[in-house]
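**Q** Curious how this folds, go ahead:
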Amino acid sequence: MNINGERFSERNLTMLFDFYELTMANGYFKNGVGEQIAYFDMFFRKVPDNGGFAIMAGVQQLVEYLENLHFKEEEIEYLRTKGFGEEFLDYLRNFKFKCDIKCVREGTPIFPGEPIVTVKGPVIQAQFIETMVLLCINHQSLIATKANRVTRASQGRAVMEFGSRRAQGFDGAVLGARAAFIGGCVGTACTITDYMYSVPALGTMAHSWIQVFDNELEAFCAYAREYPDNCTLLIDTYNVMKSGLPNAIEAFKREVLPRGFRPKGVRIDSGDITYLSKKIRKVLDEAGFEDCQIVASNSLDEYIIRDMLLQNAQVDSFGVGERLITASSNPVFGGVYKLAAVERDGEIIPKIKISENVSKITTPGVKEVWRLYDRESGKAFADVLTVAGEEIDDTKPYEIFDPEHTWKRKTVTDFKAVKILEPLFENGKFVGKNYSLDEIRNYCKEQVDMLWDEVKRFENPHTYYVDLSQKLWDEKQGLIAKHKI
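**A** Modelled structure (predicted):
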């Protein structure tokens with residue numbers, strides 16, 4: 001097993017699709033339009049927790065899925081029982097993926113309304129992969145986004161992902177821990193995620209360790225003898241200040257110092273952590289353990305951590321579990337997969353979905369996504385969607401405008417324009433770059449640092465605009481007018 005987590009691709013997940021994708025595929029096949037080229041966009045409409053941005057994640061698992069698309073004979077037999085004809089089953093038996101896919105690089109901050117995955121290929125195939133495109137990106141982007149919020153709240157203090165036992169299933173635990181690492185966590189309690197993806201597995205003891213022994217001091221000493229070089233003791237089983245902390249200090253003196261090591265820390269998992277941490281810090285310092293860290297856990301999230309630190313909590317690192325691994329405050333990442341265009345006789349025909357709900361009107365056509373950076377500060381200040389092939393010349397002034405309130409216009413200068421959709425597959429072959437998880441995590445931090453602080457606020461963040469070029473806006477309005485009833 002290597003850091004690329006190849007065990008994900010050992011399972012054949014080809015059949016993980018919504019049944020309507022199969023009925024449509026059969027319909028396309030029977031009507032002779034299965035090979036018609038279609039263009040689909042994946043995008044999302046709202047940032048979780050009303051935040052200013054989200055984090056792109058899950059690309060590696062999407063790649064593994066797409067590289068492994070095939071139907072086994074027993075799956076063909078199952079589909080025969082669902083009433084599909086032999087010609088269509090033969091097509092599935094000989095299925096060869098041949099779509100072109102572009103994707104925003106994993107770890108990139110992303111914003112509502114912009115394509116983060118684009119698919120071009122035979123409509124039967126492009127429709128076929130809808131569920132897994134959404135599943136891979138929606139889940140991990142949700143957890144990476146939450147982890148990034150939590151780790152930013154910690155103000156540089158380490159955050160460990162502790163949520164495996166409350167994750168939504170075993171894949172939720174494993175891949176959630178991977179996404180949390182991308183978002184900024186330093187490690188995970190989930191051992192298999194270390195095994196599969198080299199996300200550092202971390203952890204010491206539960207309350208049951210202390211309860212197994214006749215008394216707390218005996219339990220601490222036994223653990224310290226076994227792990228003197230990495231001794232962190234859980235001190236809230238009975239009473240933090242009256243027994244837990246004094247017994248921990250005694251165990252450090254008896255078993256850790258004589259072996260030539262220093263204690264790593266004490267952990268509290270209940271009570272008023274802010275109040276207790278201040279008391280603990282004072283006692284540890286007086287005992288000569290100024291370097292002994294205080295670790296806090298117990299249903300934490302970004303808001304609790306932020307408030308604790310505002311109240312001068314003496315906590316050096318945090319273990320965050322259920323509220324991170326389930327993104328419990330807003331547990332849905334609303335990515336959608338919509339048809340943007342079809343190709344007939346070499347002509348690309350834009351398509352649009354219209355709704356009375358303005359936010360659900362799609363942006364038609366084949367598009368490019370540009371990120372604009374201020375050259376002086378290096379900060380990103382807007383994204384612009386253009387018609388494919390349309391260029392943004394960053395050597396000249398460029399006008400951007402709010403696509404909903406078009407009178408809000410601004411001419412920008414001294415900026416850099418960068419395309420953020422990267423080729424991932426061409427004609428079904430992987431052509432992207434293989435990034436290690438450490439590279440993705442470091443890239444994420446670098447890119448988040450390139451956002452203005454106002455965009456990163458937890459409450460009422462500044463709106464980061466995703467604008468349309470004038471040409472694309474005109475095309476969209478033209479289609480709206482055409483379909484007006």
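**Q** For the residue nearest the centre of the chain, give its distance to residue 435.
**A** Centroid-nearest residue in the chain: residue 141, 2.5 Å away (criterion: CA atoms, centre = their mean). Taking CB to CB, to the nearest Å as the measure, residue 141 falls 16 Å from residue 435. The way it works is simple: take the backbone N, C-alpha and C, and place the C-beta from them, glycine included.
**Q** Residue 223 now?
**A** 38 Å.
**Q** do the same with residue 291
**A** For residue 291, the distance to residue 435 equals 35 Å [CB to CB].
**Q** Tell me which of these two has more neighbours.
**A** Shown here are residue 291 and residue 435; by other CB atoms under 10 Å, residue 435 has more neighbours (16 against 11).
**Q** related to what we said a few turns ago, what residues are up against the residue nearest to the centre of the chain?
**A** Counting by CB atoms under 8 Å, 6 or more residues apart in numbering, residue 141 makes contact with 44, 54, 55, 56, 57, 58, 110, 179, 333, 335.
**Q** Among those, which ones are in strands?
**A** Using DSSP state E, the members of the contacts of residue 141 that fall in strands are 44, 54, 55, 110, 335.
**Q** Which pair in these has the greatest spatial separation?
**A** Farthest pair in the ones in strands among the contacts of residue 141 (CB to CB) is 55 and 335. Separation: 12.7 Å.
**Q** more crowded one of the two?
**A** Legend: neighbour count by other CB under 10 Å for residue 55 and residue 335, higher for residue 55 (26 against 23).
**Q** Wasn't residue 343 part of a strand?
**A** Yes - according to DSSP: H, G, I helix; E, B strand; the rest coil, residue 343 belongs to a strand.
**Q** Do you know the pLDDT at the closest residue to it other than its chain neighbours?
**A** Once flanking residues are discounted, residue 343 sits nearest to residue 37: 3.7 Å by CB to CB, 6 or more residues apart in numbering. Residue 37 carries a pLDDT value of 97.
**Q** Based on its surroundings, how many neighbours for residue 37?
**A** 17.
**Q** Can you pull the phi and psi angles for it?
**A** When read as degrees, to the nearest 10, the backbone of residue 37 gives phi -80, psi 130.
**Q** That one contacts residue 124, correct?
**A** No - contact criterion CB atoms under 8 Å: residue 37 and residue 124 do not qualify, at 10.8 Å.
**Q** ok now stretch 402-421, how far from the chain's centre?
**A** On the basis of CA atoms, centre = their mean, to the nearest Å, stretch 402-421 sits 26 Å off its chain's mean C-alpha point.
**Q** List the buried residues for it?
**A** Residues 403, 412, 415, 417, 420, 421 are the ones in stretch 402-421 that count as buried (16 or more other CB atoms under 10 Å).
**Q** now swap in stretch 275-289 and tell me
**A** Going by neighbour count (16+ other CB under 10 Å), the buried part of stretch 275-289 is 276, 277, 278, 280, 281, 284, 287, 289.
**Q** sorry, back to before: now the residue nearest to residue 343: how far from residue 122?
**A** According to CB to CB, residue 37 stands 7 Å off from residue 122.
**Q** The stretch 1-150 of the chain: helices as residue ranges?
**A** For the stretch 1-150 of the chain, applying DSSP state H, counting those that start in this stretch gives helices covering 7-10, 19-30, 59-67, 73-81, 86-93, 123-128, 130-153.
**Q** Switch these over to a markdown table; also include mean pLDDT and distance to residue 228.
**A** Listed next are these as a markdown table, based on pLDDT from 0 to 100; distance: least, CB to CB, whole Å:
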| stretch | mean pLDDT | distance to residue 228 |
| --- | --- | --- |
| helix 7-10 | 55 | 34 |
| helix 19-30 | 96 | 57 |
| helix 59-67 | 96 | 38 |
| helix 73-81 | 96 | 54 |
| helix 86-93 | 97 | 59 |
| helix 123-128 | 96 | 56 |
| helix 130-153 | 98 | 30 |
